[in-house]
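S.K.: Build me a model:
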Amino acid sequence: MALSPGRIALRARHALSLLSLGGVLALAVAAPAHAASGPADHRGLLGAGEHVDAVYPVIKDGDLDIRSLTDDGEADPDELALHIPDTKTSRITLPEEYAFLDEPGSDAWMSSQTQDMSVVWPGWSFEGIPQGTLKGTVGMDLAGFSYAGDAKSPTFAVTQPGGFGNKKVSQLIVPGSAFTHVSGEVGSHTHANWIFTDQGTYDIDFTVHVTLANGKALEDTATVRFIVGPVPAEQNAPTPQKVKHYSKDADGLLLTPDKVDGEYFVGQTINVTAASGMADEDTRYRWFLKKKGERAFAQDPEQDTATYTTKPDRALDGARVYAQLLRGGKAVQTSKPTTVHVQALEPTTRLGVKSDRGTYEVGDTARFVSEQSPETDDEHYHWYLKRRGESAYEWIEESRLADQELPVTADLDGAQIVARLFNADHAVLAESAPVTLSVGQESGDSSAAVEVQGADTLRAGEKAEFTAKVKGAGKDYSISWYVRQNAENPFTKVAHARGVTMERTVPAEWNGAQIMASVTDARGEVIAEGGVPVLKVAGAERAAAADEKGSDSLSVVAWSVGGGIAVVVLALLAVVAARQRKRRAAASAAENANAQDR
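M.R.: As a prediction, this is how the structure comes out:
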């Protein structure tokens, strides 16, 4: 990608089109318009396909400063005006999905997420902050806006395509709504649809918040000017707009998920915000959750603020949430339930992880390198660690790069580490197989390597046996079985599965899952863990075709466990002959169907 002077060399930008009813609102590529020589206030006018990172925060001398970045370099936002003239492609008719902004069918003016050569192409970028400078992400809030022009009630929205299938309108920034905040990783660069209801001059105030690595919080506010329609010969001073919060006219307690229609992908964060005209700074809340299949709602005691926050594991797909607003400890308002939906994105690449050594000593630094195959433009990573005996992976704080270092301590013997790749919207694109650490063992006693043979012969709906063969555990040990869905953190204990063998009908959602047998001694201490690091579950047609190639043999999975205490070996036993015959029959039927399709 060609970069202008001063730009940080990162991946190419990604852009999507504005979505309308069931499809993409087509944007013809227009010839560049002739921009005016410049508006009043002696600002430089950017238009006609010119790119600008309108909000470009930098750290200078320990302080945060919001700049704008043009092809000519950095500029003060007050020195620029972003121009959206009235062209064939900038003037649009609002579809039904934009009823939150204005009357469907009314005119609006847009600079789209994809570059339109007739108007300015604005975005925001956190590429000006060096990696390692901050703790956490960069937050950007709408602080208000002013307007000069003929409209009585001007407003605007910043949106992107969203939801399952990427065919809905995801609100990012809309004055007066629940959507006034966005965030991003250091190094990220974002484009979106900027839609304005009226022609005129808009001064939009943005506040950026960061926390330095030393814990010091910083913020800065800057004003970005948009001129929609003709450039005025003389610029009147924009007037601050009074925007009524969406809860003021509400009859009761409103719940708003931060993703369109409450549709989340694994890796994102569920945020459901409660809003009421009765709320003040001291208001507390109760939140209640009912997962699909459960009979009753249960209170979540850890949630008591205006926003319900949790990770969208697949177990929450179809869950319903409602809130109560409290006064003096008593509920005075109760919301209607809202439903959240959770899906996982199909992997876009395979992510592998290599460690620099097979065995470590306490005090060493373990180094891990991830690799994509095939290579993609995505480079947003996080790393997760699970110590032996723990029931979930936890994020390694500030792990955000393709490589990761980890100080080696004694409690990391037998620990597992995985890397995940995310897209710009923080949905997981790929997860690596876990790497097991061996600490303080001779190379012949422990191995972090994982060998999987024949796991791809499993298919959804077939019955499989997982058998643990335990060595070196002594007497009076017990085995419990767990499963972790791909790209999620917690392990779920498999009900009614104890002892050396677990027999289960393999569900389709176990594809990519981690199966774990946990060995506990007589004192209740976990002394060994092993299992299938990445279970492969094929579809019916794929499994049937595999059967015809003679894949009825015993599948063996071996995992050596660090610590020299025990080794767990799991065998995936072949299904009974009757089920084999059934698969062969399915293979024949599938082959006939495929012949017809061809």
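S.K.: Give the residue spans of this structure that score low on pLDDT.
M.R.: Per-residue confidence for the chain (pLDDT under 70) gives these ranges: 1-38, 40, 441-457, 539-598.
S.K.: got the domain boundaries for it?
M.R.: 19-240, 254-343, 351-436, 450-582 (automatic domain parsing).
S.K.: which one is Arg388 nearest to, not counting chain neighbours?
M.R.: Closest residue in space to Arg388, ignoring its immediate chain neighbours: Gly414 at 3.7 Å, by CB to CB, 6 or more residues apart in numbering. Placement of C-beta: from N, CA and C, glycine included.
S.K.: pretty sure the one you found is in contact with Gly530, am I right?
M.R.: No. The pair Gly414 / Gly530 is not scored as a contact, 9.6 Å apart, by CB atoms under 8 Å.
S.K.: re earlier: mind putting the domains of the chain into CSV with mean neighbour count and distance to Tyr246?
M.R.: Converted to CSV, the domains of the chain look like this (neighbours: other CB atoms under 10 Å; distance: least, CB to CB, whole Å):
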stretch, mean neighbour count, distance to Tyr246
domain 19-240, 18, 5
domain 254-343, 17, 7
domain 351-436, 18, 23
domain 450-582, 18, 33
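S.K.: of all these, which lies closest to Ser247?
M.R.: Nearest to Ser247, of all those, is domain 254-343, at 3.7 Å by CB to CB.
S.K.: The closest one spans what distance, first to last residue?
M.R.: Start to finish, the residues bounding domain 254-343 are 25 Å apart (CA to CA, to the nearest Å).
S.K.: on that earlier part again, checking the residue nearest to Arg388 next. Helix, strand or coil?
M.R.: coil (DSSP: H, G, I helix; E, B strand; the rest coil).
S.K.: Let me know which of the domains of the chain is the nearest to Lys248.
M.R.: The nearest among these, by CB to CB, is domain 254-343 at 5.4 Å.
S.K.: The closest one: how far from the chain's middle?
M.R.: A distance of 19 Å separates the centroid of the chain from that of domain 254-343, by CA atoms, centre = their mean, to the nearest Å.
S.K.: Can you tell me how far Ser170 is from Ser276?
M.R.: According to CB to CB, to the nearest Å, Ser170 and Ser276 sit 24 Å apart.
S.K.: Correction: the previous question concerned Val439.
M.R.: For Val439, the distance to Ser276 - CB to CB - is 53 Å.
S.K.: before we move on, what about Lys475?
M.R.: Distance, Lys475 to Ser276, by CB to CB: 61 Å.
S.K.: now do Val266
M.R.: 31 Å.
S.K.: and what of Trp124?
M.R.: In terms of CB to CB, Trp124 sits 31 Å off from Ser276.
S.K.: Over to Tyr381?
M.R.: From Tyr381 to Ser276 the distance is 39 Å (CB to CB).
S.K.: again with Ile396
M.R.: According to CB to CB, Ile396 and Ser276 sit 38 Å apart.
S.K.: Repeat that for Arg295.
M.R.: Per CB to CB, Arg295 is found 28 Å from Ser276.
S.K.: residues touching the residue positioned nearest the centre of the chain, list them.
M.R.: The residue lying closest to the centre of the chain (CA atoms, centre = their mean) is His426, at 2.1 Å. For His426, the contact set (CB atoms under 8 Å, 6 or more residues apart in numbering) comprises 267-269, 380.
S.K.: Widest-spaced pair of these?
M.R.: Longest span within those, CB to CB: Thr269 and His380, 14.3 Å.
S.K.: Please consider this matter closed, and thank you.
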